[in-house]
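Engineer: From the sequence below, what's the structure:
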Amino acid sequence: MWKIALGFIVFAGLAMFIIMKGGDKLDMSGEKHGSEAIHAPEGASAPASAPASAPASAPVAASAASAS
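Structural biologist: Model (predicted):
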């Protein structure tokens, strides 16, 4: 029984130490989904998944037309 109490005290002390060291940078609100989960810095460029300006089949069609 005393081992359980000692384990609780050690775990609580460790948790309090981590929370105190993190300060206001800790986010205790749980999992985030959707647009609120994106943390892009200000002035960042467009994401890598942005659509390309030309479809992927355009270069193939252009090279096939020039070959004939």
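Engineer: Give the residue spans of this structure that score low on pLDDT.
Structural biologist: 36-68 (pLDDT under 70).
Engineer: so where's the longest helix in it?
Structural biologist: What stands out as the longest helix in the chain, according to DSSP state H, is helix 2-22.
Engineer: In CSV, could you pull the C-alpha coordinates for that helix?
Structural biologist: Taking Å, rounded to 0.1, in the frame of the first residue of the first chain, the C-alpha atoms of helix 2-22 are listed here in CSV:
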residue,chain,number,x,y,z
TRP,A,2,2.8,2.4,0.8
LYS,A,3,4.3,1.7,-2.6
ILE,A,4,1.1,2.9,-4.3
ALA,A,5,1.1,6.1,-2.3
LEU,A,6,4.8,6.7,-3.0
GLY,A,7,4.3,6.1,-6.7
PHE,A,8,1.4,8.6,-6.8
ILE,A,9,3.5,11.2,-5.0
VAL,A,10,6.4,10.7,-7.4
PHE,A,11,4.2,10.8,-10.5
ALA,A,12,2.3,13.9,-9.3
GLY,A,13,5.6,15.7,-8.5
LEU,A,14,6.9,14.8,-12.0
ALA,A,15,3.7,16.0,-13.7
MET,A,16,3.8,19.3,-11.7
PHE,A,17,7.4,19.8,-12.7
ILE,A,18,6.7,19.4,-16.4
ILE,A,19,3.6,21.7,-16.2
MET,A,20,5.6,24.4,-14.4
LYS,A,21,8.5,24.2,-16.8
GLY,A,22,6.2,24.4,-19.9
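Engineer: So that it lines up with my notes, have the first residue be 16 from now on.
Structural biologist: With the count now opening at 16, the last piece we talked about shows up as helix 17-37.
Engineer: Residues contacting it, please?
Structural biologist: L41 (C-beta atoms under 8 Å, 6 or more residues apart in numbering). Bear in mind the C-beta positions are built from the backbone N, C-alpha and C, glycine included.
Engineer: try 10 Å
Structural biologist: 41, 43 (C-beta atoms under 10 Å, 6 or more residues apart in numbering).
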